[in-house]
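**Q** Quick one, structure for this:
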Amino acid sequence: MRYRLIKLYLLGIFLLISHGINSQSILGDWKTLDDINGNPKSILEIYTKGGRIYGKVQKILEKGKENAKCIKCEGELKDKSIVGMLIIDGLENKGKNEYSGGEILDPENGRKYRCKIWLNPKNPNELKVRGYLAFFYRTQTWLRVKK
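**A** Take a look at the predicted model:
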């Protein structure tokens with residue numbers, strides 16, 4: 001009986017630790033929010049491939065824009081569906097849950113920006129996403145989607 005209780009106790013500790021490690025990752029699904037009114041815009045999946053970080057649009061949440069196309073994009077992305085589109089491209093781990101060195105696409109204006117993302121140190125369920133154009137930048141806060 002005592003052995004079984006110890007085993008359950010250790011299993012519980014392991015589950016708590018593994019949950020904490022998982023919640024510290026930038027990987028997974030994130031809800032993007034409108035900068036102006038705070039309304040949800042989309043669900044974006046952040047994943048790793050070849051040691052770099054990528055993000056693509058899984059779903060558009062704005063009513064009436066579910067099938068939006070990137071009309072202001074250039075090249076091969078012109079008039080392509082935003083759902084499934086790669087918008088975070090090739091970020092590298094710079095340590096301390098900070099990633100940069102790649103680009104982010106804004107499908108609303110079709111422009112690409114240098115990008116940096118990091119977890120909010122006070123809340124690992126918030127992802128800070130910053131796009132740079134020269135020395136100007138804009139930072140958004142995205143929320144982790146709980147499954």
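**Q** what about residue 114, how many neighbours?
**A** The burial count assigned to residue 114 is 15, neighbours taken as other CB atoms under 10 Å. In short, each C-beta sits where N, CA and C put it, glycine included.
**Q** How about residue 41?
**A** Counted with other CB under 10 Å, residue 41 comes out at 19.
**Q** Isn't it up against residue 60?
**A** Yes: using CB atoms under 8 Å, residue 41 makes contact with residue 60 at a distance of 7.2 Å.
**Q** pLDDT weak spots in this structure?
**A** Scanning the chain for pLDDT under 70 picks out the ranges 1-23.
**Q** where exactly do the helices run in it?
**A** For the chain, the helices defined by DSSP state H occupy 2-23.
**Q** So which residues of the protein form strands?
**A** Ranges of strands within the chain are 28-33, 40-49, 52-60, 86-95, 98-106, 111-120, 123-133, 136-144, based on DSSP state E.
**Q** mind checking which of these is nearest residue 70?
**A** strand 98-106 (8.1 Å; CB to CB).
**Q** So what are the sheet partners of the closest one and their directions?
**A** Partner strands for strand 98-106, per DSSP bridges, with pairing direction: strand 86-95 (antiparallel), strand 111-120 (antiparallel).
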